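In: Predicted model follows, preceded by the sequence.
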Amino acid sequence: MDPSGNPVTRFIDRWPNVSLARRMMLAAALWGLVVLIGGALALSALYRAQTLSLLEEDLDQTLVTLTREMSQEGAFLADGRVTDTERNFLSNDPRFQTQYSGRYWAVVGLQPDLTIQGDLRSRSLWDEPVPVTQAQIGRAVANPGTTHFGDYAGPADQRVRVAARAILLENRETPLVLVAAADRTPNDEAAVRFRGMLVGTMIALFGGVFAAMVVGIRYSLQPLKRIERDIADIRAGTRQTLRGGYPVEVRPLTEELNKLIGHNRDVVERARTHVGNLAHALKTPIAVLKNEAKGEGLLDDVVRRQTETMHANVEHYLKRARMAARAETLGARTDVVPVVESLASLLNRLFDAKGINVSVEDGAGAVFRGEKQDFEEMIGNLMDNACKWAKAEVVVRISDGPQDLVIDVEDDGPGLSPEQREGALKRGVRLDETTPGTGLGLSIVTELAELHKGHLELDESVLGGLRARLRFPKS
């Protein structure tokens, strides 16, 4: 059968993002409710049917006893009429002697058209009509000797169960119908009480089973939680592979993941090797062309300019390829503060004559998920750029939150307008030709940040200059 036809499955699949544990608990809870409710209804119906069956057996036994007592000598006249001996029938049972006691009997005489001609009755029935319907009389007469059961609104608004049986007499033209009735209210009330106790028991059972099931599901899914933690550790660089000791069911998954991680490292290493080989293979011909074009002619000038452009492009794209390969490496991690403090110390020496002070705030324990040289290139470009434009102060603020790593590089220089900030992120754009540089710094930072799932933002600094913010999400 197609599992999509399962109503519980269709119900759960409406929420595809629900966790496995909640799916299992929800499915088990729904099926448990269906089974327990169905079981409660079935057991309740079975109990009601069983009590009714016992009541009918008692009524049938009453008819047997009534028949036996009526068959005694003196019960009938020669013409088949019943003598007035009702006081002797079932006289030893006090239930038939008390008015509206809930237990009744009657002997019904019939006319040829099966209407009631007369009756003998128990004292408990008093002056109430005989609790039997014309349809039940018809069925009894059609099958003499067989007991037929039905319900009737009896004396004192009692709901009685009625047993009727027709007997044939030799000297009587029409049969007699023996009737026994009993108030079924106690049986119905017992069934209701049983159903109430059953529902309470089922609810307690469901609560206990569901609690045990929740514990079992959580325990069973612990290996998947371990895999999640191990993969997070691998991404954070604190672990190289998934741990062993997993259950048999998930062991093939962990083994394949370890193989995939190893394959990823091999691919990155091969990519680095190929990039290095390509760099060497291209640099040599370009260098030869550049050296050969030393003349003063137009062709030499064209070759020199084109080789310089080729060299710049080769350097840029090879560098980007190396960055991409490093960014895809699982488990790479770099402590932020030591790198930033080292760069700050270097820049303080380089810009000492200009009176620039570079300081680092906060960031204890912060970690960048990537290669050290990528982080050095990003933060180094930003800090060097800030030092070039600052008047006296450059501050690096590090914020390592639960959701992301944020690094702000701020200066007290002239800053940039919103239009200039947007243009500054474009490759090769220089906003001031008086300062040395190629205009590639911020674009390289942007590309590197994007390769590591982060981004670079430019805004106004509280120091009055520019604030360059690097943000790297941890998810």
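Out: Nice, I can see it.
In: Tell me which stretches of the protein form strands.
Out: 103-110, 116-121, 148-153, 159-167, 176-183, 334-335, 357-362, 367-368, 393-400, 404-411, 455-460, 466-473 (DSSP state E).
In: The fifth one packs against which elements?
Out: I take that to be strand 176-183. Packing partners of strand 176-183 (3 or more CB pairs under 8 Å, 6 or more residues apart in numbering; DSSP states H and E): helix 20-70, strand 103-110, helix 134-142, strand 159-167. C-beta coordinates here come from the backbone N, C-alpha and C atoms, glycine included.
In: Just the angle for that strand relative to strand 103-110, thanks.
Out: 160 degrees (axes from the mean of the first three to the mean of the last three CA atoms, to 10 degrees).
In: List the contacts of strand 176-183.
Out: Under the criterion CB atoms under 8 Å, 6 or more residues apart in numbering, residues 55, 58-60, 62-63, 66-67, 70, 82, 102-110, 130-132, 137, 140-141, 152, 154, 158-167, 169 lie in contact with strand 176-183.
In: Near Arg265, how many other residues are there?
Out: 15 (other CB atoms under 10 Å).
In: what bits of the stretch 351-475 of the chain have low per-residue confidence?
Out: Across the stretch 351-475 of the chain, the ranges flagged by pLDDT under 70 are 426-441, 475.
In: hmm, try it at 80
Out: Within the stretch 351-475 of the chain, the ranges that satisfy pLDDT under 80 run 363, 422-443, 474-475.
In: Also the stretch 201-350 of the chain?
Out: 232-240, 244, 264-305, 307-333.
In: and what of the stretch 51-200 of the chain?
Out: 69-92, 119, 169-172.
In: Now with 70, please.
Out: The model of the stretch 51-200 of the chain has pLDDT under 70 over residues 72-88.
In: per-domain residue ranges of the protein.
Out: As assigned by automatic domain parsing, the chain contains the domains 80-185, 251-327, 334-473.
In: With distance to Arg226 added, can I get these in a markdown table?
Out: Shown next, in a markdown table, are those (distance: least, CB to CB, whole Å):
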| stretch | distance to Arg226 |
| --- | --- |
| domain 80-185 | 62 |
| domain 251-327 | 9 |
| domain 334-473 | 21 |
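In: So which of the helices and strands packed on strand 176-183 is nearest Trp126?
Out: Among those, the nearest to Trp126 by CB to CB is strand 103-110 (9.4 Å).
In: Render the CA-only coordinates of the closest one in CSV, please.
Out: Below are the C-alpha coordinates for strand 103-110, written out as CSV (Å, rounded to 0.1, in the frame of the first residue of the first chain):
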residue,chain,number,x,y,z
ARG,A,103,-39.1,-8.4,37.7
TYR,A,104,-42.3,-9.5,36.0
TRP,A,105,-44.1,-12.5,34.4
ALA,A,106,-47.4,-12.9,32.5
VAL,A,107,-49.3,-15.7,30.7
VAL,A,108,-51.1,-14.2,27.8
GLY,A,109,-54.2,-15.8,26.1
LEU,A,110,-54.7,-15.0,22.4
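In: That one packs against which elements?
Out: helix 20-70, strand 116-121, helix 134-142, strand 176-183.
In: Of the ones you listed, which is nearest His148?
Out: Of all the helices and strands packed on strand 103-110, helix 134-142 sits nearest to His148, with 4.7 Å by CB to CB.
In: Would you mind finding the most buried of the helices and strands packed on strand 103-110?
Out: Greatest average neighbour count among the helices and strands packed on strand 103-110 goes to strand 176-183 (a mean of 26), per mean count of other CB atoms under 10 Å.
In: Alpha carbons of that one, as PDB, please.
Out: C-alpha atoms of strand 176-183 as PDB (Å, rounded to 0.1, in the frame of the first residue of the first chain):
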ATOM      1  CA  LEU A 176     -50.400 -19.200  25.100                       C
ATOM      2  CA  VAL A 177     -47.600 -16.700  25.200                       C
ATOM      3  CA  LEU A 178     -45.400 -16.700  28.300                       C
ATOM      4  CA  VAL A 179     -43.800 -13.400  29.100                       C
ATOM      5  CA  ALA A 180     -40.800 -12.600  31.400                       C
ATOM      6  CA  ALA A 181     -39.500  -9.100  31.800                       C
ATOM      7  CA  ALA A 182     -36.800  -7.400  33.800                       C
ATOM      8  CA  ASP A 183     -35.800  -3.800  34.300                       C
END
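In: Now do that strand and strand 116-121, the angle between them.
Out: Using the same axes, to 10 degrees: strand 176-183 against strand 116-121 is 50 degrees.
In: How far away from the center of its chain is strand 176-183?
Out: 60 Å (CA atoms, centre = their mean, to the nearest Å).
In: What of stretch 91-111?
Out: Chain-centre distance of stretch 91-111: 64 Å, with CA atoms, centre = their mean.
In: Please apply the same query to stretch 464-471.
Out: 42 Å.
In: what's Ala156 in contact with, if anything?
Out: Contacts for Ala156 (CB under 8 Å, 6+ apart) come out as Tyr100.
In: Could you shift the numbering so residue one becomes 38, and keep it that way?
Out: In the new count, where the first residue is 38, that last one comes out as Ala193.
In: Out of the helices and strands packed on strand 140-147, which is closest to Val251?
Out: Minimum separation from Val251 across the helices and strands packed on strand 140-147 (CB to CB) falls at helix 57-107, 5.9 Å.
In: Could you name the helices and strands sitting against that closest one?
Out: Helix 57-107 packs on helix 44-49, strand 140-147, strand 196-204, strand 213-220, helix 222-257, going by 3+ CB pairs under 8 Å, 6+ apart.
In: dump the residue contacts of Ala201.
Out: By CB under 8 Å, 6+ apart, the neighbours of Ala201 are Val169, Gln173, Ile174, Arg176, Ala177, Thr184, His185, Phe186, Gly187, Val214, Leu215, Val216.
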